[in-house]
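Asker: kindly return the folded structure for what I paste below:
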Amino acid sequence: MKKIFIFYATYGSGHKRAAEALYSHIKERYPGYDVRIFDSLDYVLAIYRAVTKSVYYWSVDKAKWLWKLIFSGVNRATPGGLYYKWQLYTDVLFARKLVKLITDENPQCIIFTHFHSEEIISHLKKLKKIDSKLACVITDYMAHSVWFQKEVDIFFVASDSVADGLIRLGCRPEKIFVTGISIGGQFRSEPDVSMLKPYMGENNILFIGDYVGSARFKEDLRRHKIKYPGTGVFILSKKIKGYLDTEAGFAGENRIFCDNLRSDVEKFYRAADVVVSKSGGLTTSELTAMGKALIAFRPIPGQEEANCEALEKAKACLRIDDISVLAGKAFEIVNSPGIIREMGINAAKIGKPAATFEISGKIIDSI
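Answerer: Okay, the predicted model is just below:
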(Lines give C-alpha, C1' and ligand atoms only; values in the text may rest on other atoms or scores of the structure.)
Protein backbone atom coordinates (compact mmCIF):
# COMPACT_ATOMS: atom_id res chain seq x y z
CA MET A 1 0.00 0.00 0.00
CA LYS A 2 1.44 3.39 -1.01
CA LYS A 3 2.12 5.77 1.84
CA ILE A 4 1.22 9.48 1.85
CA PHE A 5 2.54 11.56 4.74
CA ILE A 6 1.13 15.03 5.43
CA PHE A 7 3.12 17.47 7.58
CA TYR A 8 2.09 20.73 9.21
CA ALA A 9 3.53 22.76 12.11
CA THR A 10 1.50 24.39 14.86
CA TYR A 11 2.68 27.96 14.44
CA GLY A 12 -0.89 29.24 14.24
CA SER A 13 -3.86 27.05 13.35
CA GLY A 14 -4.07 27.51 9.57
CA HIS A 15 -1.32 25.08 8.58
CA LYS A 16 -2.99 22.35 10.60
CA ARG A 17 -6.44 23.05 9.11
CA ALA A 18 -5.04 22.87 5.58
CA ALA A 19 -3.33 19.55 6.36
CA GLU A 20 -6.42 18.09 8.02
CA ALA A 21 -8.56 19.01 5.02
CA LEU A 22 -6.25 17.04 2.71
CA TYR A 23 -5.93 14.15 5.14
CA SER A 24 -9.70 13.74 5.52
CA HIS A 25 -10.38 14.03 1.79
CA ILE A 26 -7.64 11.65 0.61
CA LYS A 27 -8.48 9.10 3.30
CA GLU A 28 -12.17 9.14 2.38
CA ARG A 29 -11.88 9.34 -1.40
CA TYR A 30 -8.77 7.19 -1.94
CA PRO A 31 -9.05 4.30 0.55
CA GLY A 32 -6.25 2.32 -1.11
CA TYR A 33 -3.57 4.61 0.36
CA ASP A 34 -1.93 4.62 3.77
CA VAL A 35 -2.43 8.29 4.69
CA ARG A 36 -0.89 9.70 7.86
CA ILE A 37 -0.76 13.21 9.29
CA PHE A 38 1.95 14.69 11.53
CA ASP A 39 2.82 17.86 13.40
CA SER A 40 6.53 18.22 12.60
CA LEU A 41 7.06 19.91 15.97
CA ASP A 42 6.26 16.60 17.68
CA TYR A 43 9.50 15.29 16.16
CA VAL A 44 11.91 17.97 17.39
CA LEU A 45 13.61 18.48 20.75
CA ALA A 46 11.29 20.03 23.32
CA ILE A 47 13.58 23.03 23.86
CA TYR A 48 13.50 23.88 20.13
CA ARG A 49 9.71 23.58 20.04
CA ALA A 50 9.23 25.70 23.18
CA VAL A 51 11.61 28.48 22.14
CA THR A 52 10.48 28.84 18.52
CA LYS A 53 6.78 28.80 19.40
CA SER A 54 7.27 31.28 22.23
CA VAL A 55 9.21 33.69 20.01
CA TYR A 56 6.60 33.40 17.25
CA TYR A 57 3.53 33.95 19.41
CA TRP A 58 5.15 36.69 21.50
CA SER A 59 6.36 38.63 18.47
CA VAL A 60 3.10 38.47 16.48
CA ASP A 61 1.14 39.48 19.58
CA LYS A 62 3.38 41.84 21.54
CA ALA A 63 6.16 42.93 19.17
CA LYS A 64 4.80 43.06 15.64
CA TRP A 65 7.70 45.29 14.62
CA LEU A 66 10.07 42.43 15.48
CA TRP A 67 8.05 39.88 13.52
CA LYS A 68 7.97 42.23 10.53
CA LEU A 69 11.75 42.59 10.75
CA ILE A 70 12.24 38.80 10.92
CA PHE A 71 9.74 38.10 8.15
CA SER A 72 11.12 40.65 5.69
CA GLY A 73 14.75 39.97 6.59
CA VAL A 74 14.44 36.23 5.98
CA ASN A 75 12.60 36.87 2.73
CA ARG A 76 15.51 38.99 1.50
CA ALA A 77 18.12 36.40 2.47
CA THR A 78 19.93 34.77 -0.44
CA PRO A 79 18.68 31.21 -1.09
CA GLY A 80 21.50 28.84 -0.24
CA GLY A 81 23.28 31.66 1.59
CA LEU A 82 24.60 31.81 5.14
CA TYR A 83 21.21 32.29 6.82
CA TYR A 84 19.58 29.34 5.07
CA LYS A 85 22.60 27.11 5.70
CA TRP A 86 22.47 27.94 9.39
CA GLN A 87 18.68 27.46 9.52
CA LEU A 88 18.95 24.06 7.84
CA TYR A 89 21.78 23.00 10.16
CA THR A 90 19.80 23.87 13.31
CA ASP A 91 16.58 22.35 11.98
CA VAL A 92 18.24 19.02 11.18
CA LEU A 93 20.19 19.07 14.46
CA PHE A 94 17.04 19.44 16.55
CA ALA A 95 14.82 17.21 14.38
CA ARG A 96 16.63 13.89 14.38
CA LYS A 97 13.39 12.05 15.20
CA LEU A 98 11.83 13.55 12.08
CA VAL A 99 14.82 12.56 9.95
CA LYS A 100 14.66 9.00 11.28
CA LEU A 101 10.92 8.73 10.66
CA ILE A 102 11.25 9.79 7.03
CA THR A 103 14.37 7.79 6.18
CA ASP A 104 12.92 4.66 7.80
CA GLU A 105 9.52 4.95 6.12
CA ASN A 106 10.48 6.58 2.77
CA PRO A 107 6.83 7.20 1.81
CA GLN A 108 5.80 7.49 -1.83
CA CYS A 109 4.58 11.06 -1.28
CA ILE A 110 5.05 13.75 1.36
CA ILE A 111 2.79 16.83 1.48
CA PHE A 112 3.76 20.00 3.36
CA THR A 113 1.49 22.77 4.59
CA HIS A 114 4.35 24.41 6.51
CA PHE A 115 7.94 25.06 5.48
CA HIS A 116 9.57 23.66 8.65
CA SER A 117 9.34 20.01 7.61
CA GLU A 118 9.64 20.94 3.93
CA GLU A 119 13.15 22.31 4.43
CA ILE A 120 14.40 19.29 6.37
CA ILE A 121 12.85 16.63 4.16
CA SER A 122 13.88 18.39 0.93
CA HIS A 123 17.45 18.19 2.21
CA LEU A 124 17.07 14.42 2.70
CA LYS A 125 15.91 14.10 -0.89
CA LYS A 126 18.82 16.22 -2.08
CA LEU A 127 21.16 13.79 -0.31
CA LYS A 128 19.29 10.88 -1.99
CA LYS A 129 18.31 9.40 1.36
CA ILE A 130 14.71 9.25 0.17
CA ASP A 131 13.04 9.25 -3.24
CA SER A 132 9.59 10.47 -2.19
CA LYS A 133 7.45 12.72 -4.35
CA LEU A 134 7.31 16.08 -2.52
CA ALA A 135 4.29 18.40 -2.71
CA CYS A 136 3.86 21.77 -1.00
CA VAL A 137 0.67 23.74 -0.35
CA ILE A 138 1.60 27.39 0.26
CA THR A 139 -0.95 28.58 2.79
CA ASP A 140 -0.69 32.33 2.19
CA TYR A 141 -1.16 34.77 -0.70
CA MET A 142 2.54 35.45 -1.16
CA ALA A 143 5.60 33.43 -2.14
CA HIS A 144 7.98 33.96 0.76
CA SER A 145 11.41 32.53 0.03
CA VAL A 146 11.22 30.01 2.91
CA TRP A 147 8.62 28.06 0.92
CA PHE A 148 10.79 27.45 -2.10
CA GLN A 149 12.86 24.26 -2.13
CA LYS A 150 14.22 22.98 -5.45
CA GLU A 151 13.62 19.35 -4.47
CA VAL A 152 9.85 19.88 -4.18
CA ASP A 153 8.09 18.37 -7.21
CA ILE A 154 4.74 20.19 -7.05
CA PHE A 155 3.63 23.50 -5.56
CA PHE A 156 -0.03 24.36 -5.00
CA VAL A 157 -0.72 28.09 -4.63
CA ALA A 158 -3.61 30.45 -3.97
CA SER A 159 -3.27 32.78 -6.95
CA ASP A 160 -1.39 33.74 -10.10
CA SER A 161 0.58 36.33 -8.13
CA VAL A 162 1.92 33.63 -5.79
CA ALA A 163 2.87 31.53 -8.82
CA ASP A 164 4.72 34.53 -10.30
CA GLY A 165 6.53 35.01 -7.00
CA LEU A 166 7.70 31.39 -7.00
CA ILE A 167 8.96 31.73 -10.56
CA ARG A 168 10.97 34.81 -9.56
CA LEU A 169 12.56 32.71 -6.80
CA GLY A 170 13.69 30.20 -9.44
CA CYS A 171 10.87 27.66 -9.53
CA ARG A 172 10.09 26.06 -12.88
CA PRO A 173 6.56 27.07 -14.02
CA GLU A 174 5.54 23.47 -14.79
CA LYS A 175 5.84 22.64 -11.09
CA ILE A 176 3.20 25.18 -10.06
CA PHE A 177 -0.58 24.73 -9.96
CA VAL A 178 -2.96 27.56 -9.05
CA THR A 179 -5.57 25.56 -7.16
CA GLY A 180 -6.22 27.61 -4.05
CA ILE A 181 -5.47 26.50 -0.49
CA SER A 182 -6.95 23.27 0.84
CA ILE A 183 -9.99 23.86 3.08
CA GLY A 184 -12.36 21.56 4.94
CA GLY A 185 -15.46 20.16 3.27
CA GLN A 186 -17.73 22.06 5.66
CA PHE A 187 -16.83 25.30 3.88
CA ARG A 188 -18.16 23.94 0.58
CA SER A 189 -21.55 23.01 2.02
CA GLU A 190 -24.70 24.75 3.24
CA PRO A 191 -24.45 24.30 7.04
CA ASP A 192 -27.56 24.38 9.20
CA VAL A 193 -27.83 27.81 10.84
CA SER A 194 -31.11 27.20 12.69
CA MET A 195 -29.39 27.64 16.08
CA LEU A 196 -28.57 31.22 15.07
CA LYS A 197 -32.00 32.18 13.70
CA PRO A 198 -33.13 33.87 16.96
CA TYR A 199 -30.12 36.21 16.74
CA MET A 200 -30.19 36.92 13.03
CA GLY A 201 -31.37 40.19 11.56
CA GLU A 202 -31.80 41.48 8.05
CA ASN A 203 -28.01 41.96 7.96
CA ASN A 204 -25.51 40.11 10.15
CA ILE A 205 -21.95 40.61 11.46
CA LEU A 206 -19.57 38.01 12.90
CA PHE A 207 -16.80 39.33 15.17
CA ILE A 208 -13.94 36.87 15.88
CA GLY A 209 -11.00 37.63 18.13
CA ASP A 210 -9.77 38.77 21.51
CA TYR A 211 -10.29 42.44 20.63
CA VAL A 212 -13.96 42.12 21.67
CA GLY A 213 -12.82 42.52 25.29
CA SER A 214 -11.55 46.03 24.62
CA ALA A 215 -13.52 48.77 26.39
CA ARG A 216 -13.39 50.91 23.25
CA PHE A 217 -14.81 48.08 21.14
CA LYS A 218 -17.62 47.45 23.64
CA GLU A 219 -18.56 51.11 23.68
CA ASP A 220 -18.57 51.29 19.88
CA LEU A 221 -20.58 48.05 19.63
CA ARG A 222 -23.18 49.23 22.14
CA ARG A 223 -23.66 52.57 20.38
CA HIS A 224 -24.09 51.07 16.92
CA LYS A 225 -26.24 48.12 17.99
CA ILE A 226 -28.69 50.63 19.39
CA LYS A 227 -28.42 52.69 16.18
CA TYR A 228 -28.98 49.59 14.00
CA PRO A 229 -31.25 47.37 16.17
CA GLY A 230 -32.17 45.12 13.23
CA THR A 231 -28.57 44.01 12.64
CA GLY A 232 -27.68 40.52 13.87
CA VAL A 233 -24.44 40.19 15.83
CA PHE A 234 -22.38 37.06 16.59
CA ILE A 235 -19.23 37.21 18.74
CA LEU A 236 -16.71 34.37 19.11
CA SER A 237 -13.66 34.86 21.30
CA LYS A 238 -11.38 33.31 23.91
CA LYS A 239 -12.09 36.44 25.95
CA ILE A 240 -15.84 35.95 25.92
CA LYS A 241 -16.23 35.09 29.63
CA GLY A 242 -15.00 38.48 30.76
CA TYR A 243 -17.09 40.09 28.06
CA LEU A 244 -20.28 38.38 29.21
CA ASP A 245 -19.59 39.19 32.86
CA THR A 246 -19.83 42.88 32.07
CA GLU A 247 -22.12 42.90 29.02
CA ALA A 248 -24.55 40.00 29.56
CA GLY A 249 -27.57 42.22 30.09
CA PHE A 250 -26.94 44.32 27.01
CA ALA A 251 -26.08 41.27 24.88
CA GLY A 252 -29.17 39.39 25.98
CA GLU A 253 -31.55 42.28 25.55
CA ASN A 254 -30.19 43.03 22.09
CA ARG A 255 -30.03 39.41 20.85
CA ILE A 256 -26.26 39.27 20.50
CA PHE A 257 -24.90 35.71 20.26
CA CYS A 258 -21.71 35.34 22.34
CA ASP A 259 -19.59 32.22 22.76
CA ASN A 260 -16.05 30.88 22.92
CA LEU A 261 -14.25 30.06 19.70
CA ARG A 262 -16.10 27.10 18.16
CA SER A 263 -15.23 24.24 15.85
CA ASP A 264 -18.43 24.81 13.82
CA VAL A 265 -17.39 28.27 12.67
CA GLU A 266 -18.73 27.54 9.16
CA LYS A 267 -22.28 28.01 10.53
CA PHE A 268 -21.39 31.53 11.65
CA TYR A 269 -19.69 32.30 8.34
CA ARG A 270 -22.82 31.19 6.50
CA ALA A 271 -25.13 33.28 8.71
CA ALA A 272 -22.99 36.43 8.51
CA ASP A 273 -22.84 38.98 5.71
CA VAL A 274 -19.47 40.31 6.85
CA VAL A 275 -16.80 38.73 9.08
CA VAL A 276 -14.43 40.81 11.23
CA SER A 277 -11.31 38.76 11.88
CA LYS A 278 -7.63 38.28 11.16
CA SER A 279 -6.63 37.69 7.55
CA GLY A 280 -4.89 34.34 7.94
CA GLY A 281 -4.43 32.25 4.80
CA LEU A 282 -7.01 29.65 5.78
CA THR A 283 -9.53 32.18 7.08
CA THR A 284 -9.37 34.15 3.83
CA SER A 285 -9.63 30.95 1.76
CA GLU A 286 -12.63 29.71 3.74
CA LEU A 287 -14.43 33.05 3.50
CA THR A 288 -13.84 33.54 -0.22
CA ALA A 289 -14.97 29.94 -0.86
CA MET A 290 -18.25 30.89 0.86
CA GLY A 291 -18.46 34.29 -0.86
CA LYS A 292 -18.19 36.30 2.37
CA ALA A 293 -16.76 39.79 2.83
CA LEU A 294 -13.93 40.30 5.31
CA ILE A 295 -12.99 43.21 7.51
CA ALA A 296 -9.37 42.49 8.46
CA PHE A 297 -8.52 43.88 11.87
CA ARG A 298 -4.83 44.64 12.48
CA PRO A 299 -3.34 41.95 10.24
CA ILE A 300 0.02 40.58 11.36
CA PRO A 301 2.88 42.15 9.36
CA GLY A 302 4.06 39.83 6.63
CA GLN A 303 1.79 36.95 5.76
CA GLU A 304 -1.52 38.38 7.03
CA GLU A 305 -0.83 41.75 5.44
CA ALA A 306 -0.14 39.99 2.13
CA ASN A 307 -3.41 38.05 2.41
CA CYS A 308 -5.28 41.25 3.25
CA GLU A 309 -3.73 43.10 0.32
CA ALA A 310 -4.71 40.29 -2.07
CA LEU A 311 -8.34 40.52 -0.97
CA GLU A 312 -8.28 44.32 -0.95
CA LYS A 313 -7.05 44.26 -4.54
CA ALA A 314 -10.03 42.06 -5.40
CA LYS A 315 -12.32 44.49 -3.48
CA ALA A 316 -13.44 41.70 -1.15
CA CYS A 317 -11.87 43.06 2.03
CA LEU A 318 -11.47 46.22 4.09
CA ARG A 319 -8.58 46.74 6.53
CA ILE A 320 -9.14 48.55 9.84
CA ASP A 321 -6.47 49.14 12.49
CA ASP A 322 -8.32 51.50 14.87
CA ILE A 323 -10.25 49.53 17.52
CA SER A 324 -12.38 52.57 18.41
CA VAL A 325 -14.07 52.63 14.98
CA LEU A 326 -14.05 48.90 14.19
CA ALA A 327 -17.59 47.99 15.25
CA GLY A 328 -19.05 51.18 13.81
CA LYS A 329 -17.46 50.60 10.42
CA ALA A 330 -18.72 47.01 10.38
CA PHE A 331 -22.28 48.17 11.10
CA GLU A 332 -22.09 50.85 8.42
CA ILE A 333 -20.82 48.44 5.76
CA VAL A 334 -23.26 45.65 6.52
CA ASN A 335 -26.13 48.14 6.35
CA SER A 336 -24.99 49.42 2.93
CA PRO A 337 -26.60 46.80 0.66
CA GLY A 338 -24.69 47.76 -2.47
CA ILE A 339 -21.28 47.63 -0.77
CA ILE A 340 -21.81 44.36 1.06
CA ARG A 341 -23.29 42.68 -2.02
CA GLU A 342 -20.35 43.77 -4.17
CA MET A 343 -17.78 42.59 -1.60
CA GLY A 344 -19.47 39.20 -1.36
CA ILE A 345 -19.58 38.80 -5.15
CA ASN A 346 -15.91 39.78 -5.41
CA ALA A 347 -14.97 37.32 -2.68
CA ALA A 348 -16.75 34.51 -4.52
CA LYS A 349 -14.92 35.41 -7.75
CA ILE A 350 -11.52 34.67 -6.20
CA GLY A 351 -12.72 31.84 -3.94
CA LYS A 352 -11.61 28.30 -4.76
CA PRO A 353 -13.97 25.92 -2.96
CA ALA A 354 -12.71 22.93 -4.98
CA ALA A 355 -9.05 23.41 -3.97
CA THR A 356 -8.89 20.31 -1.77
CA PHE A 357 -10.35 18.15 -4.59
CA GLU A 358 -7.88 19.52 -7.14
CA ILE A 359 -4.82 19.22 -4.91
CA SER A 360 -5.67 15.67 -3.84
CA GLY A 361 -6.38 14.55 -7.39
CA LYS A 362 -3.12 15.94 -8.77
CA ILE A 363 -1.13 14.35 -5.97
CA ILE A 364 -2.70 10.93 -6.48
CA ASP A 365 -2.12 11.19 -10.25
CA SER A 366 1.53 12.04 -9.67
CA ILE A 367 2.30 8.89 -7.67
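
Asker: for the protein, name the helix or strand with the lowest mean pLDDT.
Answerer: helix 240-253 (a mean of 69; mean pLDDT, DSSP states H and E).

Asker: ok, residue 11 to residue 269 distance?
Answerer: From residue 11 over to residue 269 the distance is 24 Å, taken as Cβ to Cβ, to the nearest Å. C-beta here means a position set from N, CA and C on the backbone, and glycine is covered the same way.

Asker: between the two, who's got more neighbours?
Answerer: Using other Cβ atoms under 10 Å as the criterion, residue 11 and residue 269 rank with residue 269 on top: 24 against 18.

Asker: just say helix, strand or coil for the more buried one.
Answerer: Using DSSP: H, G, I helix; E, B strand; the rest coil, the structure places residue 269 in helix.

Asker: what about it, distance to residue 17?
Answerer: Residue 269 is 13 Å from residue 17, by Cβ to Cβ.

Asker: same check on residue 211?
Answerer: 21 Å.

Asker: these two - which one has more neighbours?
Answerer: Neighbours per residue (other Cβ under 10 Å) separate residue 211 from residue 17, with residue 17 holding more: 23 against 19.

Asker: part of a helix, is that one?
Answerer: Yes: assessed with three-state DSSP, residue 17 lies in a helix.

Asker: what's the nearest residue to it if we skip its chain neighbours?
Answerer: Spatial nearest neighbour of residue 17, excluding adjacent residues (Cβ to Cβ, 6 or more residues apart in numbering): residue 282 at 4.9 Å.

Asker: A strand includes residue 5, no?
Answerer: Yes: when three-state DSSP is applied, residue 5 is found to be in a strand.

Asker: just grab the bridge partners of it for me.
Answerer: residue 36, residue 110 (DSSP bridges).

Asker: I figured it hits residue 33, correct?
Answerer: No: in this structure, residue 5 is not within contact of residue 33 by Cβ atoms under 8 Å, at 10.7 Å.

Asker: next, count neighbours for the closest residue to residue 108 other than its chain neighbours.
Answerer: Nearest in space to residue 108, with sequence neighbours left out and distances taken as Cβ to Cβ, 6+ apart, is residue 2 at 4.4 Å. Neighbours of residue 2 under the rule other Cβ under 10 Å: 13.

Asker: what does residue 75 give?
Answerer: Neighbour count of residue 75, defined by other Cβ under 10 Å: 14.

Asker: for the most centrally placed residue in the chain, helix, strand, or coil?
Answerer: In the chain, the centroid-proximal residue (Cα atoms, centre = their mean) is residue 282; its distance is 2.7 Å. For residue 282, the assignment made with three-state DSSP gives helix.

Asker: residue 12 versus that one, what's the distance?
Answerer: 9 Å.

Asker: please apply the same query to residue 46.
Answerer: Taking Cβ to Cβ as the measure, residue 46 falls 20 Å from residue 12.

Asker: of these two, who's got more company?
Answerer: Remark: of residue 46 and residue 12, residue 12 carries more neighbours, 21 against 9, as counted by other Cβ under 10 Å.

Asker: check what pLDDT that one gets.
Answerer: Note on residue 12: pLDDT of 86.

Asker: in a helix, that's where it is, yeah?
Answerer: No: using three-state DSSP, the assignment for residue 12 is coil, not a helix.
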